[in-house]
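>>> From the sequence below, what's the structure:
(chains A and B)
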Amino acid sequence: MRTEEENVKLADLLFPSIEETSEDIISKYPNRNLEQESLVLRFAPSPTGFVHVGNIYTSLIDRKLADQTNGLCILRIEDTDKEREVEGGTDFLINRLSEFGIQFDESVHRGDYGPYIQSERLDIYKTFAKDMVRRGVAYPCFATEEELSEVRKKQEELGVRTGYYGSFAKWRDVSFDDIKKELEKGSKFAIRLYSTGTFEKKFEFDDEIKGRCTFSENDMDIVLLKSDGYPTYHFAHPIDDTLMGINLVIRTTEWFPSVPIHLEIFEKLNFKKIAYAHPSPLMKMEGGNKRKLSKRKDPEADVKFFLEKGYPVAGIAEYFLNIMNSNFSDWRRENPNLPYSDFQLKLEKFNRAGALFDMVKLEAVCRDYIARLLATEVYDEIFKWAQKNDDKLVKRMEENREYCIKILNIEREGAQIRKDIVKWRDAYDQFSIFFDDMSEELDTDKLPANVEVGDAKKIIGKFLETYDINDKSEEWFNKIKGIGNELGYTSDYKAYKDNPEKFKGKVGDVAMVLRIALTKKAKTPDLYQTMQVMGKERVEERLKAFVI
RNA sequence: GCCGCUAUCGUCUAACGGUUAGGACACAGGAUUCUCAAUCCUGCAAUCUGGGUUCAAUUCCCAGUAGCGGUACCA
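Reported below is the predicted structural model:
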């Protein structure tokens, strides 16, 4: 047991270089001048050089809630684990986030409540740690890694909870002199919380997503400051979020069990508590079990996957919104033309279990999203994607802007909207039939089985004789019917169905011949529109080549 | 092991204690059509198990089971 005076002496002994007090620091972070309902949120990732889809999911919640309440969304870099840190990780992260349209009001290079990188805040944490030692609510611990794992082993054998608590907390009540002696030996120390909780005591707590929950009080003397001088998450979180004026902490459920620890630290720091919301992470089904989307096993866990393939970031956001608040899809149906930012996200509507990440549904949402766009907008998006992924495509699109827009506009304006673009990479399929150098080779096996190659050439020959680009759709089709009837391909489907043997085929076969002669493909958009977009010259050229 | 959270069609989910348990995606069939897509119609398909409470339970309570998370000088 140490006296109050001894604790004051101990604090100075432990942190001789820290001269500021915690009050000094707090005074540098004035209250934010915001409306009461405005939320100040923070997205606080570690710069590991990898951006997980879950990061996009979570940061979207932060950004959205801040926007909805005229609040602020802050980026804070949590680089306190030197083992996992990657060079350039922070810039990489910021760039990736911005590719997904996530911007921050305060970030590494901007804002008055920084620094926003934890490794630049070490003195702040030390100041608070010193203050806590002085007040006897924290203490130095000299236990080595080996000693700790031995204790853990013993605890496991005994069948009791593992951890540094109660009688297992060797350095908790050591005398000032003994600590001083250890210090003089040059031993490294961590600073631990002097917990006063009782594990047997339960308390209730309200989470903004999970609702009312029951916890045991924390009784672990968890590490606040590691022996390398860096804070643990448990310590940095209350300090940073308090100083930065955060009023709602959103973080995934892996933090949920640590709530009692954090609440106790808030108390010992004399800080006002901050509301929490713990959304569940995105899951994946494997062998009948759910698991978190894994960096190693799932390519789609890395946002690079979506960026490279060109999934529309707004579509991804809409899919996430769907998972967060399932009423989003109803809202979308009622408001097809509003941006998703108009949707009111509600924390209380979040699902409490983990949702499975469903690529099929994601693609359906992306498809619908793109279907709502104008051809020019689709062009712009594909172009932006190509600038990062395909120089040849950029060139092609620049040189053929109007042509490309016309292509993308096929079956887009009007009641019938094609939904065959899911991602920008699908542009290749859209463009390929319209550019000679992207075209496939002719494969006569694709012709309908009942049409001889000779007949096919006859069909095309006859078509060329009467082809007029100025024909309206109806006239155009009448000509095809006429050619068919002349050669024994009926346009009377009923008659054909009743007596197929009386005919060589039906008009559909004739149209198919034209389709293949023109595009080399059996599946294309509306043929009439396709020909209108291609233009007279290209159509005639391709058809003539087929006849030869 | 201990602590906590969760449990409705294959998936995401909706349902003041009273509903033929609703929708979306997927799937199957049909209509339409020059192919494909789109569109429209139809179909398939769910309250984890067992106890309570109640006139009445998907809903409230308890237990079990399962899944998830935590149990670090990682975040």
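
>>> Which residue is the nearest non-sequential neighbour of A:Gly315?
Nearest-residue entry for A:Gly315: A:Cys366, 3.5 Å, with adjacent residues in sequence omitted and distances by CB to CB, 6 or more residues apart in numbering. (Each C-beta comes from the backbone N, C-alpha and C, glycine too.)

>>> is it true that that neighbour touches A:Tyr311?
Yes: counting by CB atoms under 8 Å, A:Cys366 sits close enough to A:Tyr311 to count as a contact (5.6 Å).

>>> Give the residues shared as contacts by these two.
Residues within reach of A:Cys366 and of A:Tyr311 at once, by CB atoms under 8 Å, 6 or more residues apart in numbering, are A:Val422, A:Lys423.

>>> contacts for stretch A:90-104?
Defining contact as CB under 8 Å, 6+ apart, one finds that stretch A:90-104 is touched by A:43, A:45, A:47, A:49, A:51, A:55-56, A:59-60, A:63, A:73-75, A:77, A:79, A:86, A:107-108, A:110, A:117, A:303, A:307, A:313-314, A:316-317.

>>> Which of the residues you listed are buried? Put it as a PyMOL command.
The command below creates a PyMOL selection of those among those that count as buried (16 or more other CB atoms under 10 Å):
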select buried, chain A and resi 43+45+47+51+55+56+59+60+63+73+74+75+77+79+107+108+117+303+307+313+314+316+317
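
>>> how close does A:Trp476 get to RNA strand B?
With distances defined as CB to the nearest atom of the strand, to the nearest Å, the gap from A:Trp476 to RNA strand B amounts to 8 Å.

>>> How about the contacts made by that residue?
For A:Trp476, the contacting residues are A:Tyr528, A:Met531, by CB under 8 Å, 6+ apart.

>>> Check it and give its pLDDT.
The predicted local confidence for A:Trp476 comes out at a pLDDT of 91.

>>> and it, helix, strand or coil?
A:Trp476 falls in the helix class when you classify it by DSSP: H, G, I helix; E, B strand; the rest coil.

>>> For stretch A:366-380, what is the distance to the chain centroid?
Relative to its chain's centre, stretch A:366-380 lies at 20 Å (CA atoms, centre = their mean, to the nearest Å).

>>> before we move on, which element is the residue nearest to A:Gly315 in?
A:Cys366 belongs to helix A:359-371 when assigned by DSSP states H and E.

>>> Show me what that helix is packed up against.
With contacts defined as 3 or more CB pairs under 8 Å, 6 or more residues apart in numbering; DSSP states H and E, helix A:359-371 has these neighbours: helix A:313-324.

>>> Any residue of the helix it packs on touching RNA strand B?
Yes: for helix A:313-324 and RNA strand B, the contact criterion (CB under 7 Å from any atom of the strand) is met by A:Asn322, A:Ile323.

>>> Which residues does that helix contact?
Applying CB under 8 Å, 6+ apart, the contact partners of helix A:313-324 are A:56-57, A:60-61, A:64, A:99-101, A:279, A:282, A:306, A:328-329, A:332, A:339-340, A:343, A:345, A:349-351, A:355, A:361-362, A:365-370.

>>> Which of those fall in helices?
A:56-57, A:60-61, A:64, A:99, A:306, A:328-329, A:332, A:361-362, A:365-370 (DSSP state H).

>>> Quick check on these: which are buried?
Buried positions within the ones in helices among the contacts of helix A:313-324, assessed by neighbour count (16+ other CB under 10 Å), are A:56-57, A:60-61, A:64, A:99, A:306, A:328, A:332, A:362, A:365-370.

>>> Could I get the buried residue list for stretch A:514-533?
Buried residues in stretch A:514-533, counting neighbours by 16+ other CB under 10 Å, are found at A:514-520, A:525, A:527-533.

>>> Quickly name whichever of those is closest to A:Met1.
In terms of CB to CB, no member of the buried residues of stretch A:514-533 lies closer to A:Met1 than A:Pro525, at 83.3 Å.

>>> Please identify the helix or strand for the closest one.
Taking DSSP H and E as the definition, A:Pro525 sits outside all helices and strands.

>>> Can you tell me, leaving aside adjacent residues, what's nearest to it?
Distances taken as CB to CB, 6+ apart put A:Ile410 closest to A:Pro525, at 4.7 Å, once the chain neighbours are dropped.

>>> Same question for A:Leu224.
If the residues on either side of it in the chain are set aside, A:Leu224 comes closest to A:Phe235, at 4.1 Å by CB to CB, 6+ apart.

>>> A:Ile239: what's it in contact with?
A:Ile124, A:Tyr125, A:Phe128, A:Pro231, A:Leu269.

>>> make it 6 Å
Contacts were defined as CB atoms under 6 Å, 6 or more residues apart in numbering; by that measure A:Ile239 touches A:Phe128.

>>> how far away is it from A:Gln118?
Distance, A:Ile239 to A:Gln118, using CB to CB, to the nearest Å: 10 Å.

>>> Surely A:Phe43 touches A:Lys64?
No: under the contact definition of CB atoms under 6 Å, A:Phe43 does not touch A:Lys64, with a separation of 11.5 Å.

>>> What about the residue in the stretch 251-400 of chain A that RNA strand B sits nearest to, how many residues nearby?
The nearest approach of the stretch 251-400 of chain A to RNA strand B comes at A:Asn351, 2.6 Å away (CB to the nearest atom of the strand). As a burial measure, the neighbour count of A:Asn351 was computed by other CB atoms under 10 Å and equals 13.

>>> Give me the local confidence score for it.
In the predicted model, A:Asn351 carries a pLDDT score of 84.

>>> nearest spatial neighbour of it, skipping sequence neighbours?
Looking at A:Asn351 with CB to CB, 6+ apart, the closest residue is A:Ser280, at 6.7 Å.

>>> Dihedrals phi and psi, A:Asn33?
With angles defined as degrees, to the nearest 10, A:Asn33 sits at phi -90, psi 80.

>>> Relative to RNA strand B, how far out is it?
Taking CB to the nearest atom of the strand, one finds A:Asn33 at 29 Å from RNA strand B.

>>> Report whether stretch A:362-375 contacts RNA strand B.
Yes: counting by CB under 7 Å from any atom of the strand, contacts between stretch A:362-375 and RNA strand B involve A:Ala364.

>>> quick check: mean pLDDT across that stretch?
Per-residue pLDDT values over stretch A:362-375 give a mean of 93.

>>> and if you look at stretch A:524-532?
Predicted confidence along stretch A:524-532 averages 93 (mean pLDDT).

>>> ok, now stretch A:287-295?
79.

>>> Show me the contact partners of it.
Counting by CB under 6 Å, 6+ apart, A:Pro281, A:Leu282, A:Met283, A:Lys284, A:Ala301, A:Phe357 sit against stretch A:287-295.

>>> packing partners for the strand or helix carrying A:Leu543?
Taking DSSP H and E as the definition, one finds A:Leu543 inside helix A:536-547. Helices and strands in packing contact with helix A:536-547 are listed as helix A:453-466, helix A:507-519; criterion 3 or more CB pairs under 6 Å, 6 or more residues apart in numbering; DSSP states H and E.

>>> Would you mind giving those helices as JSON lines with mean pLDDT and distance to A:Lys406 added?
As requested, those are arranged in JSON lines below (pLDDT from 0 to 100; distance: least, CB to CB, whole Å):
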{"stretch": "helix A:453-466", "mean pLDDT": "88", "distance to A:Lys406": "22"}
{"stretch": "helix A:507-519", "mean pLDDT": "91", "distance to A:Lys406": "15"}
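
>>> Out of those, which one sits most buried?
Using mean count of other CB atoms under 10 Å, the stretch among the helices and strands packed on helix A:536-547 with the largest mean neighbour count is helix A:507-519, at a mean of 22.

>>> where does chain A have low pLDDT?
Per-residue confidence of chain A (counting by pLDDT under 70) places the weak regions at A:288, A:414-415.

>>> For it, which segments count as strands?
Taking DSSP state E to define them, one finds strands in chain A at A:40-43, A:72-75, A:138-141, A:190-193, A:202-207, A:211-216, A:223-225, A:248-250, A:275-277, A:283-286, A:289-292, A:489-490, A:505-506.
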